[in-house]
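S.K.: When you get a sec, could you give me coordinates for this:
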Amino acid sequence: MPKTLFFLLILVISILPGCSKNNKDLVVGNWASDVASQREGIDEEISHYNYLEVTKSYIKFKSYYIATQDNKTVKQFNETNKSSNYELKPGNKIMIDDKVYEIKLRKNEMTIKNENVEIHYNREKN
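M.R.: Numbers count the residues shown, from 1 in each chain. Alright, predicted model coming up:
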C-alpha cells in the first residue's frame, strides 16, 4: 500500500505544474472587451481600457474605438496605455497591480471581475 500511495503522490506532483502552465497559456494573447459593468460610484482602473495585450509576464492595457477608413471599419488605438505585471493565483484568481480578481477562462473568452467590476473579453484573431 505505501508504494501505491508514493506513486500516486508522484503522479499528482508531476501533473500540478502543468495545470498552472495551461492557464498561463490560455490567458496569453490579445483580448477585446465586448461587455463591461461597474458598480455605481466606483472607479476601477481596469475598466478604463477595452483591449488587453497579455504576455507571459505582463498585461498592456489599451483603449480603442472603431473608425471608418477607405470604407472599412478599423480599430484606432488611443495613445493612453498602461503596462502591469500580473500573477495567476490558485482558485481562478489573477492579481493585477496588487488587486485580486476572479478570472474565468475559456478558449476564446475571458471574464475578469471582483465585487466592483466585471469585464468580458473575446480573444482577437491574429
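
S.K.: tell me the strands in this protein, going along the chain?
M.R.: Using DSSP state E, the strands of the chain run over 29-38, 51-54, 58-69, 72-89, 93-96, 99-106, 109-113, 117-123.

S.K.: Please compute how far the second one lies from its chain's middle.
M.R.: The chain centre lies 8 Å from the centre of strand 51-54; the measure is CA atoms, centre = their mean, to the nearest Å.

S.K.: for the last one, same thing?
M.R.: The chain centroid and the centroid of strand 117-123 are separated by 8 Å under CA atoms, centre = their mean.

S.K.: ok, residues contacting that strand?
M.R.: Defining contact as CB atoms under 8 Å, 6 or more residues apart in numbering, one finds that strand 117-123 is touched by 29-39, 42, 44, 46-47, 52, 107-113. Any C-beta I mention is one placed from the backbone N, CA and C, and that applies to glycine too.
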